[in-house]
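# predicted model and sequence below, questions to follow.
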There are 2 protein chains.
Amino acid sequence: MSKYDITNLKFLFNPRTVAVFGAGKDLNKVAGQVMLHLIMGKYGGKIYPINPKMETVLNYETIPSIKNIPEQIDLAIMAISKKHILSTLEECIDENVKFVIINTAGFQETVLFDEGGPSLQAEFKKLLRKAPNTRVVGPNCMGIASTSSSLNALMGINPVPASKENLNMSFTSQSGSWAAVALRCAVQHDLGVAKIVSTGNELDLTCEDFIEYFGLHDENTQVIGAFIEQLRNGRKFMKISSEITKPIIILRAGKTEAGAKAALSHTGSITSSSNLYESVFKQSGVIEAQSLAELMDYLRAFAIYGAKNKIPRGKRVGIYTVGGGLGVLTGDKCEDVGLDVVSLSSETVQKLNQVLPPIWSHNNPIDLIATRDFSSTEKVLKILLEAKEIDMIISIVPFGIDQRMENLKNTPNMPKKIEEFNRKMLKAYHGSVMEHLLKLADDSSKPIILPTSLYSTDLPFQYDDISKLYDAGICVVNSVEDAARTLAKLFEYKESMKKKVVTSNS
Amino acid sequence: MSKYDITNLKFLFNPRTVAVFGAGKDLNKVAGQVMLHLIMGKYGGKIYPINPKMETVLNYETIPSIKNIPEQIDLAIMAISKKHILSTLEECIDENVKFVIINTAGFQETVLFDEGGPSLQAEFKKLLRKAPNTRVVGPNCMGIASTSSSLNALMGINPVPASKENLNMSFTSQSGSWAAVALRCAVQHDLGVAKIVSTGNELDLTCEDFIEYFGLHDENTQVIGAFIEQLRNGRKFMKISSEITKPIIILRAGKTEAGAKAALSHTGSITSSSNLYESVFKQSGVIEAQSLAELMDYLRAFAIYGAKNKIPRGKRVGIYTVGGGLGVLTGDKCEDVGLDVVSLSSETVQKLNQVLPPIWSHNNPIDLIATRDFSSTEKVLKILLEAKEIDMIISIVPFGIDQRMENLKNTPNMPKKIEEFNRKMLKAYHGSVMEHLLKLADDSSKPIILPTSLYSTDLPFQYDDISKLYDAGICVVNSVEDAARTLAKLFEYKESMKKKVVTSNS
């Protein structure tokens, strides 16, 4: 058997024809949902609902069997009863279908309490071995989406964000719920999406395959995200990820005994030791995220800074802050993650003396001192962007506080007059901060990051402003520790790229 | 000199008279701000603006000097030029003023670049030693607020949330910005506030003093929060915190070299080794938070579960989830923080078999399996509340997703019809989840916690529902790791209480 050409995945993500087995009118059933999503997502190819029991589904004429379809099927979707999967898969192979998505669950993941499921999955595997041209996504998965072909073949209730030029993630996930969460976060955080694949039990195609395709063959993808419980082919993973120069961010679960047990009954994954994975990731230049927040922060940051060539050269961070205490914690968090809270050069100190009150901290972090003179904030940022000893900047400014005060209307003990006076003042400050950030960021190759310094970013209130900042190459995160972590990962990536260049040159 | 009676702090928080030095009409100046806040906050005592240069301020008749005030002053506020502080402090001592707040900065914290500031602070100290009845908050601080006396004596722009019966935090902070952030978060997360104190350079009164007062003498305080850069009296801190049974949550900064340097130029604090603090906190049953998010989660959780007697007896956690992958990560995070992801008893498994599809995980975490049958969620929670092997519950349900879909209106590739259909469905699910959570939580002493499983809680969209959950004794957090961490801290607190009881009995 000749090696499978991974570039064929273009037919999975840009199919000319899609067959949906069991498509009916009940939108609470998966096949009906997928059919609806295909139509409403304005998929441009041909859709064939296969259902011998009814004549039309959602105004589409049904076909009784895949054998009756006159043309080649690129993608067949099976959200049908478990007991019909084997025979339907055989039909697809006979008809030379290129890709099959099996949404149905109840296979390898039932290994702890039901032998029937795993043995059925083993039969699929045997069948597929003899049919190298038919490839399978799933079973036990949520499906795929691809914005380049307006293909929404996902079950469940998931928005599919649009593609954004130079700011697209592609995401592959062994968990359907994580694929769904990643999509919701992408919308919320203004990240474009190229492709999403939920791989489920990975009977055939794996996360490794999709990372390879996204990394080496898909020009719409700028950053790659993955949620995994296990790698099925570590050697292959290391090979492809060391060839890929796009950032790869992975969130891994099933690391502990409790998690591993859960993974086994979730996607039938037998997870392996944490240390092994950590060293594999490190060697291949993969960025590991420890939580959803980290995953989304890193995807967003790499997309934004990557698009504007703002990956930092070194790890020397400059911090300026409207609150001294926030600065102290930020210093801690930067040092915790290995950044260098560098001493300011005497040149920088002298420049800062010109623009700050005499009692400013004379130190990094730079405490702007509680002031209502907004102009110093801009001047300080300008000085830090010029400072030779600084590679990256954390900017702790009262971004969005005007909106938060808006939300706090009618707070007890916050009388109307104070509210109005303060809101006006904060609006002016916010506006001035926005204006100079947008103006100054564009001129510099240093990444600037903005922690909102609140427990929640209240992002929905700030969509417009945050979009503008993203477009200018400035990333916004929830907290000072998120800012520190994210900058450290940018530097880690930069260092791993050096190694990759050395390796490929040697 | 006889020992100072800490219960005298009642005059600081419930003063009968307040004098504001330098109070003028310019609201961009601190004295003007504080004056305005006092008036608008409807402080019930008498306010004396002291200003020899104008006759009235905000309709209040000014007094040229504190000597002209005919009655005893409980609280004097000094936001005046640095050079006048010493003489004004002398006047206050002469007039036997009980408490003085010094907002003005430029003292011990300038030690790295200006000797004048620290030496001036030393002179204040000398003066105060001879005047044990006049106590000082600050310098270099934001002031105080106290809801029991409607006293808002804070500079800056800070909402002061109302007091809530049995759900009040009091917060003491060496950093003004952290005091401000804690207030904003309290509003956002529906936590009541009893008292707030920004202690600044702690010339005299320290965080230890306020923790003692909140913990042992203030019945309006249920949970105590603090932001510290250093403890000035570790021995005292250990003594009082081992006597206090209210939860004490501390966020500490200045732990690293970078942070310590920043702390020195922030409040003049010389921080000490991290290990020492950790062991002091551990021995005294203090809960340490590593970030703002943790601080606010713990304060909220202890208030909510404390009010309803839901501090867990053990650390065996039951998890149920609408997404398998979320469950796997939750299992990891629980084990990471020392919780026991306990095996389900055969009795519990049998009960779950009755209500879940045959392919459910048969395991803890309990994967509800993607379903549109809402009723199983309620049945599963009921079974877990009854299960003898479980002390605490993480409930991963699609809370608030209906509201999030609302926010995602007009998402590209999410056509109107799908949107409407899905929104209706999610609204029904959300409603059903809310209803049974509220109903079931009240009957049980087991804490239930709800991670929203999104990067941001979008809390403002959910105020009403979250308030209802809080009132029923259910805490809402951002993520599964926040849920795990918070439950672990509840158990840690429970264990430390056991030790305290043993200690005080022995």
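All right, it came through fine.
# what are the contacting residues of stretch A:226-239?
A:171-175, A:178-179, A:182, A:202, A:206-208, A:210-212, A:248-254, A:263, A:266-267, A:269-272, A:276-277, A:280, A:283-284, A:295, B:325, B:328 (CB atoms under 8 Å, 6 or more residues apart in numbering or on different chains). Placement of C-beta: from N, CA and C, glycine included.
# write the ChimeraX selection for whichever of those are buried.
Here is the ChimeraX selection string for the buried members of those, based on 16 or more other CB atoms under 10 Å in any protein chain shown:
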select /A:171,172,173,174,175,178,179,182,202,206,207,208,210,211,212,248,249,250,251,252,253,254,263,266,267,269,271,277,280,284,295 /B:325,328
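# after the one helix or strand in chain A whose mean pLDDT sits lowest, which helix or strand is next?
Lowest by mean pLDDT, DSSP states H and E among the helices and strands of chain A is helix A:401-407, with a mean of 64. Sequence order places helix A:416-441 as the next helix or strand after helix A:401-407, per DSSP states H and E.
# which secondary structure elements does that following helix contact?
helix A:375-386, helix A:401-407, strand A:448-451, helix A:463-471, helix B:30-40 (3 or more CB pairs under 8 Å, 6 or more residues apart in numbering or on different chains; DSSP states H and E).
# what angle do the first one and helix A:416-441 make?
Here helix A:375-386 runs at 20 degrees with respect to helix A:416-441, directions being taken by axes from the mean of the first three to the mean of the last three CA atoms, to 10 degrees.
# residue ranges with poor pLDDT in the stretch 401-506 of chain A?
For the stretch 401-506 of chain A, the stretches with pLDDT under 70 are A:401-419, A:453-462, A:501-506.
# likewise for the stretch 251-400 of chain A?
The low-confidence ranges in the stretch 251-400 of chain A, as defined by pLDDT under 70, are A:272, A:370-373.
# all helices of it, in order?
A:257-267, A:274-283, A:292-307, A:324-336, A:346-355, A:375-386 (DSSP state H, counting those that start in this stretch).
# A:L469: which of those is closest?
A:L469 sits nearest to helix A:292-307 of all the helices of the stretch 251-400 of chain A, at 8.7 Å, using CB to CB.
# is chain B contacted by that closest one?
Yes: for a cut-off given as CB under 8 Å from any CB of the partner chain, helix A:292-307 has contacts with chain B, namely A:292-293, A:296.
# mind listing residues that contact stretch A:441-451?
A:301, A:305, A:309-312, A:330, A:381, A:385, A:390-397, A:399, A:437, A:469, A:472-480, A:482-483, A:486-487, A:490.
# tell me which of the residues you listed fall in strands.
A:392-396, A:474-477 (DSSP state E).
# could those residues go into CSV alongside distance to chain B and neighbour count?
Below are the ones in strands among the contacts of stretch A:441-451 laid out as CSV (distance: CB to the nearest CB, whole Å; neighbours: other CB atoms under 10 Å in any protein chain shown):
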residue, distance to chain B, neighbour count
A:M392, 14, 29
A:I393, 15, 26
A:I394, 12, 30
A:S395, 15, 25
A:I396, 9, 26
A:I474, 18, 25
A:C475, 14, 27
A:V476, 11, 26
A:V477, 10, 27
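# which among those residues gets closest to A:D336?
A:D336 has its nearest neighbour among these in A:I394, at 13.6 Å by CB to CB.
# list the residues that contact that closest one.
A:317-320, A:330, A:334, A:449, A:451, A:480, A:483-484, A:487.
# nearest to A:S150 among these?
The closest of those, once distances to A:S150 are taken by CB to CB, is A:I449, at 33.8 Å.
# how many neighbouring residues does A:A76 have?
A:A76: 28 surrounding residues under other CB atoms under 10 Å in any protein chain shown.
# against chain B, how distant is it?
21 Å (CB to the nearest CB, to the nearest Å).
# then A:N96?
Counting by CB to the nearest CB, the gap from A:N96 to chain B is 30 Å.
# what's the closest non-adjacent residue to that residue?
A:N133 (6.3 Å; CB to CB, 6 or more residues apart in numbering or on different chains).
# test my guess that that neighbour contacts A:K98.
Yes: using CB atoms under 8 Å, A:N133 and A:K98 qualify as a contacting pair, with a distance of 7.0 Å.
# among those two, which residue is more densely surrounded?
Taking other CB under 10 Å, A:N133 and A:K98 do not tie; A:K98 has more neighbours (20 against 11).
# for the more buried one, what are its contacts?
A:8, A:11-12, A:15, A:72-75, A:133-135.
# which ones among those residues map onto helices?
Among the contacts of A:K98, the members found in helices (DSSP state H) are A:11-12.
# can you tell me the closest non-neighbouring residue to A:L487?
That would be A:M392: by CB to CB, 6+ apart, it lies 5.1 Å from A:L487.
# and the one you found, how close does it get to A:N364?
12 Å (CB to CB, to the nearest Å).
# can you check which residues contact both of these two?
Joint contacts of A:M392 and A:N364 (CB under 8 Å, 6+ apart) are A:G318.
# for the nearest residue to A:H266 once chain neighbours are set aside, what are its contacts?
Sequence neighbours aside, B:G324 is the residue nearest to A:H266 in space, at 3.7 Å (criterion: CB to CB, 6+ apart). By CB under 8 Å, 6+ apart, the contact set of B:G324 is A:109, A:175-177, A:262, A:265-267, B:361, B:367.
# do that again at 7 Å, thanks
Counting by CB atoms under 7 Å, 6 or more residues apart in numbering or on different chains, B:G324 touches A:175, A:177, A:266, B:367.
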